[in-house]
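> Build me a structure from this.
(chains A and B)
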Amino acid sequence: MQNKVYLVAQPNSGKTTLFNLLAHENCYVANWPGKTVEVFQAKIVHHGKEILLVDLPGINSFKALGKEESLTKEFLLKEEEGVAVVLINGESLYRSFYFAIQVLEMKSKAVLVINKSDYLEKRGVHINLEILKEKLGAEVVQISALHGTGINRLMDRILDVLEGRVKGKGPRIDYGILEPYIAKVEEILGSRSLAVRAIEGEEVFVRLSEDKRIAVEEIKKEIENKFVNPEEIIAMYRHRFVESLLNSAVKEVKVSEEATERKLDKIFFGRFGPVFSIAILFGILFLAFTINTGFPMNIIARFAGYDTIAEFLEEYSLSGIISLFFETISDVLDGILPDVWLKSLLINGILAGIGAVATFFPLILVLNFLMSLIEDSGVMARIATSMDRFFSLFGLTGKTVFPFTVNLACNVPGVMASRILETDGERIRVALASPFVICQARLLVIVLFVVFLLTSPALQSGIVILIYLLSATLFLAATKIYGKAVKEESSELLLELPPYHFPSLRVVWWITWERSKSFIYKIAGFILAFSILAWLMDYFGITNVIGTFIAKMFSPLGLDDPRLGFAILMGFFAKELVISSLAVSFGTSDLSEISAQLALNAPQAIALIVFIAFYTSCVATISAMHSEVRSYKLLAMSVVFQLLIAYILASVTFILSSIILTAA
Amino acid sequence: MLTLDLATGRVRIKEILGGRGFVRRLADMGLTPGQVVEVISRGPPVIVKIRDTKIAIGRGIARKVVVEYAE
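Model (predicted):
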């Protein structure tokens, strides 16, 4: 299809809202040719003309850092068919225009869209579109993607450009003292915009003959000898251009920072900002946990004496309903199918695998929903800023608090959330360290073990607190260590703080659904495959061999029961399987019965709990890490490191608690 | 030498100390020599206002932005 339209914008410009509005649910995810990056596309029809709409990843800077941003840059530098639709963020005109003029310099087939006209109206900002059109040499449309105003006009202009009825020239920015050099390079490259890019030190995507390349390099050297940093000069002239553009085309009737914004910012950036931020994040986690499993609200209700509420929460939690559903299906199948190996594969392999994915889905969905709510309202940027001081101690930016928080619910979306980090280095460091954060599934296993294996309440709560402290420490330490491996030990925050606004439910839902869907697509097949593999290993008796081997490894700690070794092996597939696997091999689901049979002393129990908390988990997380870091070497490093750390910690806590408990 | 992490009020950016990529990244956020910015919070991270946009800047970056008081 020839009629391609590309959306280009900085983050927070409302690009997602606009795409969603234009696409009318006809969108699909497609891989960018030759890249692993996924882009959204949609086929739309306007006035009988078919158009392929491509949503390019949002890009903050042309100094692209990540693989997604570099894709957008690549599109801009290439001589590509199609129309670029450049979004201007009405909330941030100056910065947006600085971005847009660079796009327009490169793409003459373009439509400039000023978004958030509702906001501009509210703030009394008037923009003269005629002046903009003349100075920028491109069609200009003002819209509000949120309210859907101006969309038809936008589509008409896009068609005009597509069909060649209007031809843009692009802006002519005067680069002053650099002009003679630009002219020289332009002669060689045949394009002024490429000439400017080349002088800026950008890799220019045109095939040049060797002598031409040398000629360009020589001019560049000449410039660099004369002016230390040509980029800085170019940036200065661009800023001048934007300044005069806005001075002539924008009139502000009244500009006042809204009082609520100032008040909220005062809290976020004040002394108690981090406390406030953590309160918001924990509120979100608490809500997501409770909706999913009833925990921890059920405990609180029970504690307060409301047993009926606690029971209600447990019985009607989403994952409770879903697991009941899968149990019922298994029971029915068990009753009607003949007793052959296929039945066992179906029930214990495939159905159990699908069930495991399904029970996790609500948590992911709820969490993604709440997270995109704070993302779309401007709150996320404040939280990241307020947490930056703490995380910068470890060479991370405040943005890390988001993947960290999501990790407390589940490591799989936590690893995926590392995508919001700006540099590849930070992204990989956080993704690889994620498994050290105790997720909800592990918390439940830990709590059960603590309650049944340890008798003293002081010891019980002490161990849980110790595990969380260890978890946070290990996470931060691991990011440092992995930083050495990826040769980027610290990243710095540079983040726009958009004005606060009420999130659009439509956009929030869209983001939620896309992210949750990607969990299903990426992870479900993997979990299913491993469930079948686990079943096969069990069927052929391989698990017993491995279980015995694991138990041997733990014999120095006295944990040499092969059934325990087997449970630990199952926990590698999914941590919650530790409990069910013990239940199966001991022939009872009564944990007090199991713990009586295991007959562990306190140091052994503590060592076991610590090991279960930290050893490599789970296959779904490993698969998510692989799709983020795309390196088997780094992946193997992370997996081995976790296993090693867990074993060492278990041994150390065993020795220490033996000493302390006998002394006491 | 006054740098952004130590400044308050309205300041003008004099120089950005860093390689080309670094200068470029800041320029795209509106931080270029000659630009007047208002420091809203010293943080860290430093929060500045450039016209209608607020930007949070990590201390390590702010240290590399040389400024002088405007007016």
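> what's around A:P457, how many residues?
Around A:P457 sit 9 other residues, with neighbours defined as other Cβ atoms under 10 Å in any protein chain shown. The way it works is simple: take the backbone N, C-alpha and C, and place the C-beta from them, glycine included.
> ok, it to chain B distance?
Using Cβ to the nearest Cβ, to the nearest Å, we find A:P457 at a distance of 42 Å from chain B.
> do the same with A:L469
Counting by Cβ to the nearest Cβ - A:L469 and chain B are separated by 25 Å.
> same deal with A:L569?
44 Å.
> what's near enough to touch that residue?
Going by Cβ atoms under 8 Å, 6 or more residues apart in numbering or on different chains, A:L569 touches A:T543, A:I546, A:G547, A:I550.
> The third one contacts A:D561, correct?
Yep, that's A:G547 we're talking about. No: assessed by Cβ atoms under 8 Å, A:G547 is found out of contact with A:D561, at 9.4 Å.
> what about the residue nearest the centre of chain A, helix or strand, and which?
Closest to where the C-alpha atoms of chain A average out (Cα atoms, centre = their mean) is A:A417, at 2.2 Å. Using DSSP states H and E, A:A417 maps to helix A:411-417.
> Is whatever helix or strand comes next after that helix in proximity to chain B?
Next helix or strand after helix A:411-417 toward the C-terminus (DSSP H and E): helix A:424-433. No: on the criterion Cβ under 8 Å from any Cβ of the partner chain, helix A:424-433 is out of touch with chain B, staying 11.6 Å away.
> on contacts alone, who are the packing partners of helix A:424-433?
On a contact count with 3 or more Cβ pairs under 8 Å, 6 or more residues apart in numbering or on different chains; DSSP states H and E, helix A:424-433 meets helix A:401-409, helix A:457-486, helix A:619-629, helix A:632-663.
> If we use 7 Å, what do you get?
Counting contacts by 3 or more Cβ pairs under 7 Å, 6 or more residues apart in numbering or on different chains; DSSP states H and E, helix A:424-433 is packed against helix A:457-486, helix A:619-629, helix A:632-663.
> Out of these, which is the most enclosed?
helix A:619-629 (a mean of 22; mean count of other Cβ atoms under 10 Å in any protein chain shown).
> Name the residues of the one helix or strand in chain B whose mean pLDDT sits lowest that are buried.
The weakest-scoring helix or strand in chain B, judged by mean pLDDT, DSSP states H and E, is helix B:20-28 (a mean of 79). For helix B:20-28, the neighbour count (16 or more other Cβ atoms under 10 Å in any protein chain shown) marks B:V23, B:R24, B:R25, B:L26, B:A27, B:D28 as buried.
> how about JSON lines for the residues you listed, with distance to A:S248 added?
Listed next are the buried residues of helix B:20-28 as JSON lines, based on distance: Cβ to Cβ, whole Å:
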{"residue": "B:V23", "distance to A:S248": "28"}
{"residue": "B:R24", "distance to A:S248": "27"}
{"residue": "B:R25", "distance to A:S248": "29"}
{"residue": "B:L26", "distance to A:S248": "26"}
{"residue": "B:A27", "distance to A:S248": "22"}
{"residue": "B:D28", "distance to A:S248": "23"}
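> Can you name the residues of the stretch 301-450 of chain A that neighbour chain B?
A:T385, A:D388, A:R389, A:S392, A:T397 (Cβ under 7 Å from any Cβ of the partner chain).
> rerun that using 6 Å as the cut-off
Counting by Cβ under 6 Å from any Cβ of the partner chain, the residues of the stretch 301-450 of chain A close to chain B are A:T385, A:D388, A:R389.
> which ones are touching the second one?
Contact analysis of A:D388 by Cβ atoms under 6 Å, 6 or more residues apart in numbering or on different chains lists A:T397, A:G398, A:L493, B:P45.
> Which single one of those residues is nearest to A:S372?
Nearest to A:S372 among the contacts of A:D388, counting by Cβ to Cβ, is A:G398 at 18.5 Å.
> State the number of residues packed around that closest one.
For A:G398, the neighbour count with other Cβ under 10 Å is 25.
> Leaving aside the residues adjacent along the chain, what's closest to it?
Closest residue to A:G398 apart from its sequence neighbours, by Cβ to Cβ, 6 or more residues apart in numbering or on different chains: A:D388 at 3.2 Å.
> Pick out the shakiest of the helices and strands packed on helix A:424-433, pLDDT-wise.
Of all the helices and strands packed on helix A:424-433, mean pLDDT reaches its minimum on helix A:619-629 (a mean of 87).
> Run the chain-centre distance for that one.
In terms of Cα atoms, centre = their mean, to the nearest Å, the gap separating the centre of helix A:619-629 from the centre of its chain is 13 Å.
> ok, and what's touching that helix?
Helix A:619-629 has contacts (Cβ under 6 Å, 6+ apart) with A:411-412, A:415-416, A:428, A:431, A:435, A:522-523, A:526-527, A:530, A:573, A:635.
> Could you list the residues of the stretch 51-200 of chain A in contact with chain B?
Going by Cβ under 6 Å from any Cβ, the residues of the stretch 51-200 of chain A near chain B are A:S61, A:K63, A:S92, A:Y94, A:R95.
> just checking, which of these belong to helices?
If you go by DSSP state H, those have A:Y94, A:R95 in helices.
> Can you tell me which of the residues of the stretch 51-200 of chain A next to chain B are buried?
Buried among those by 16+ other Cβ under 10 Å: A:S61, A:K63, A:S92, A:Y94, A:R95.
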